[in-house]
Every structure is written in C-alpha cells, then in structure tokens.
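J.: sharing a model that was predicted from the sequence below.
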Amino acid sequence: MKRTCILAVTFLLFLSACVHPVNTPGQAVTSTPIVAFTGTPEPTLTPTFIPTQNDPEPTQIALPGLQINTGMEGVYGFDSNINPLTGLEVTDLAKLYRRPVLTKISNFPAVGRPHAGLSLADIVFEYYIGEYMNRFLALYYSQDTPKAWPLRSGRLIDTQLTNMFGGILVYGDADPRVETIITRDLPRRAVSYSLSECPPVCGYATHSATGVWVDTAAVSKWAVSQGMDNERPDLTGLVFNTTPPPDGIPVNTLDVQYIIWNHGQWQYDPETGNYLRFIESWDGTHKYLLIPLIDQVNNEQVSFSNVVILFAEYEEFSPTYHDVHIWQNTSGQRAIYFRDGLMYEGTWVTSDPYKPVRLLNKNMEPMALNPGTTWFIIAGLNSEFSSISTDHYILNFAIP
C-alpha cells in the first residue's frame, strides 16, 4: 500500500500494484553545439536564502569581493531548441518545456550496482553522505530514463540543488529533520516513495539497495496530473564552447577516493572526447580493483563530457547528517574543470539561489564547458587534490 499525493494536497491512502515501467528513454540529443551563456549540536537548518512563496521570482544578490567579467561576446543568447544545461540541440522540444527531474541514486551498499540511468542524465552531482560513502543526484531534462535506480533517501543539499535548477525532486524517504526542510523549501515539487504511486516510483522497501526505481518521463506526467507546476524554468547560467580555453593542462585521469573501498576514477577517451567512469570492485581477497561502471539501462559505460570539482563547506551534525553550503557560496570557492583531456583552475559561485551555479575561470570570466553532459563532484574544503603523475591527479575527500 502506498499513499499517492504531492506534498501540497491531502494525503489519501490507497492500494496500488507496482510493476516495471515500460516507457523508453527520451529522444537523444544531437551533437550540434553552440556557444551559450545559460548564463554535535542540532542545526538550525535555516539556509541563507529562504523561499517566500512556492515559486518565487529569481532575485539577484550582491557578490562581495568578486569582480566577474561577463562581457564575453555571444555567450548570453541561445535558441529555444538548445538545452541550456548541455549546449546541445534537442530534437524533442517537449523535453525542454518542463521542469528537470532530479532523482537520488545510491552508490552504497554496493550490492545495488550496477546503477541504472546515470548515463542518460544531463547533470549528475556526487557528494558525501557520511561514513565514507557518497551518493548521486541525477538531473534529467533533455533525456529520460525508464529506470533511475536504486532510489534512496533525501539529504539537505537536495533542496538547494533542486531549487537552483527549478526541478522536481524524487527521493526515497528522509530523516524527519531532513523531511521538514524538503517539505518547507520544495512544498510543491518533492515526490517521495511513500507519497507517490507506480509509475513514476516503483518497487518496495526504499532502504533496500535494490528496492525502488524511478521512471523519469512518468514523473513529469504524474506531476501534471497532480496539479504540480511543470512549466519550463529559467536555466540560464552555464557557458559552452566547442573550443577549449587555451591555458589547459593535459590530464587524462582523475581519481576520486573517499576511502580505499570507495574509489572512483575518470579516464579521458580521446576518440569520443568524453570521460569514462570506473568504480571499485572487491575481488574477494581484500583488493579493490577498478572496473568500468556499466549502465544497466543501455549496457554502456557511463561517460560524461565534463567533470567538475566544486570545493564546498560541509557542516557535520552527526556522522551521516550533513548540510553543504551551496546557496551560501556568494564569495566564491575553488573549482577544477576537466574537459577535452585538459584541466583548468577556477572559481564557482552562487549568485542566485534559483539559478544554476556560476562557473568561472581563473580570470573570473565565465568558464566554457564542452557541449554535453557534466558530472559535478562536491568536495569538502579540506579535501586534498594532488598529482600522481604529470597527467594523473587524485582527489582525496575530507571534511573538517
């Protein structure tokens, strides 16, 4: 039995049978890019920016101490058929006239692998959840997946990221303290396992590693059926250019390690121009090997056009209970960009809690990403970033 409703309407109990979704993935994007500017005390749990209504108008805020050069010719305009989150043309324009769907995807316990649907996301955020574990928040906009899996619980950071991309958050369940923030900051745009039906959210036992999955196209349809606002949001903020900036350092491999048994790696593939994802696998003799991360939806190795490290302040209230200061980053924090086999230093900033993050290069100009998908790693401020060799770097995650 599952309750079906959204957070803004009356909760009704009813019985529903859950079956596997039959929807196929959304229309694939083409490869026609443009240059676009898509432009242990208890916490108080009060973000710097609090919505004053369900869907507030964006409000530009001051950026103390930052002098951002935004006078780059041609980067502010993009056509209606261009996905502002990838810089690529979309053949199915209906995909762009809706809110992005952001789903929580588990990485631990490892019996839930291989993941499903990661390779079909426009953007994936990777962040720490405690006890040396990480989790993914996958954003679907120009494409959909019939199975984003396995779905797991919400975290405090999810409300910030969902608001910044004007999205609909889909999650398993949440700690009651986190649930309070989700229902407050996303009062009409949060879909939990216990408050939805199948489709869009199917399966049983949300705390099982393999129990629950999401049909992202069905989320958009279900949102409309429930009276949820599903209008296209303003997603301006990112910049794309097929030509990489001239000052990049050749780097082919990036390791991301939380602990020896939680170790991911990105390898640049010059044939496709993408970064291929590898993940640790225990061979039974206490040795952890890196193997390709294969998406069970299409049986392809997960790959992304850009990999970006954002250094951010983690606030730890307990070993598995954190806030991450995303909205509060108005002064700028370190960012490291990987595109076209090159590495760049820069800064990231949140100039508006209802707009995508702003990515800047070392000259405080908008940083141009490679047109395509982007994987963001949100690292703690004390994380160590160092070289293994001239073209191989490693990020060792740490928080205070």
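T.: Cool, the structure landed. Here the structure is a predicted model, which is why all the values come from computation and not from measurement.
J.: poorly predicted segments of the stretch 301-400 of the chain, please.
T.: For the stretch 301-400 of the chain, no stretch is flagged by pLDDT under 70.
J.: hang on, residue 377 in a helix?
T.: No - under the criterion used here (DSSP: H, G, I helix; E, B strand; the rest coil), residue 377 is strand, not part of a helix.
J.: and it, bridged to which residues?
T.: residue 126, residue 309 (DSSP bridges).
J.: from residue 82, how far off is it?
T.: Per CB to CB, to the nearest Å, residue 377 is found 26 Å from residue 82. Every residue, glycine included, has its C-beta placed from N, CA and C.
J.: same deal with residue 374?
T.: 15 Å.
J.: what does residue 183 give?
T.: Counting by CB to CB, the gap from residue 183 to residue 82 is 34 Å.
J.: out of the two, which sits in the busier spot?
T.: Ranked by neighbour count (other CB atoms under 10 Å), residue 183 and residue 82 place residue 82 first, with 23 against 16.
J.: is it true that that one touches residue 93?
T.: No - using CB atoms under 8 Å, residue 82 is not in contact with residue 93, being 10.3 Å away.
J.: residues contacting residue 279?
T.: 113, 263, 264, 265, 290, 291, 292, 293 (CB atoms under 8 Å, 6 or more residues apart in numbering).
J.: repeat for residue 160
T.: So residue 160 contacts 47, 185, 324, 326, 327, 353 (CB under 8 Å, 6+ apart).
J.: what does residue 336 give?
T.: With CB under 8 Å, 6+ apart, residue 336 has these contacts: 308, 309, 343, 344, 345, 346, 385.
J.: contacts for stretch 168-177?
T.: 42, 45, 99-104, 148, 151-155, 158-159, 162, 179, 182, 186, 189-194, 196, 200-201, 206-207, 212, 214, 216, 219-220, 223, 228, 230, 321.
J.: narrow those to those in strands?
T.: 101, 102, 103, 104, 190, 191, 192, 201, 212, 214, 321 (DSSP state E).
J.: tabulate the residues you listed (TSV), appending distance to residue 245 and neighbour count.
T.: Listed next are the ones in strands among the contacts of stretch 168-177 as TSV, based on distance: CB to CB, whole Å; neighbours: other CB atoms under 10 Å:
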residue	distance to residue 245	neighbour count
101	32	29
102	29	28
103	32	30
104	33	25
190	38	26
191	39	25
192	42	24
201	41	30
212	41	27
214	36	36
321	39	18
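J.: now, among those, which is nearest to residue 123?
T.: residue 102 (8.8 Å; CB to CB).
J.: so how far is residue 155 from the closest one?
T.: 12 Å.
J.: show me where the stretch 201-350 of the chain has helices.
T.: 216-225 (DSSP state H, counting those that start in this stretch).
J.: beta partners of the spatially closest residue to residue 147 that is not a sequence neighbour?
T.: Nearest residue to residue 147, sequence neighbours excluded (CB to CB, 6 or more residues apart in numbering): residue 116, at 4.4 Å. When bridges are called by DSSP bridges, residue 116 pairs up with residue 149.
J.: burial of residue 116, as a residue count?
T.: Residue 116: 21 neighbours (other CB under 10 Å).
J.: with residue 204 instead?
T.: Neighbour tally, residue 204, other CB under 10 Å: 11.
J.: and for residue 257?
T.: Residue 257, neighbours per other CB under 10 Å, totals 18.
J.: again with the one 4 residues further on
T.: The burial count assigned to residue 261 is 14, neighbours taken as other CB under 10 Å.
J.: now do the one 10 residues further on
T.: The tally of other residues near residue 271 (other CB under 10 Å) stands at 5.
J.: state the distance from it to residue 291.
T.: 20 Å.
J.: equivalent analysis for residue 365, please.
T.: 39 Å.
J.: for residue 319, same thing?
T.: Relative to residue 291, and taking CB to CB, residue 319 is found at 28 Å.
J.: so for the two, which sits in the more crowded spot?
T.: Shown here are residue 319 and residue 291; by other CB under 10 Å, residue 291 has more neighbours (15 against 11).
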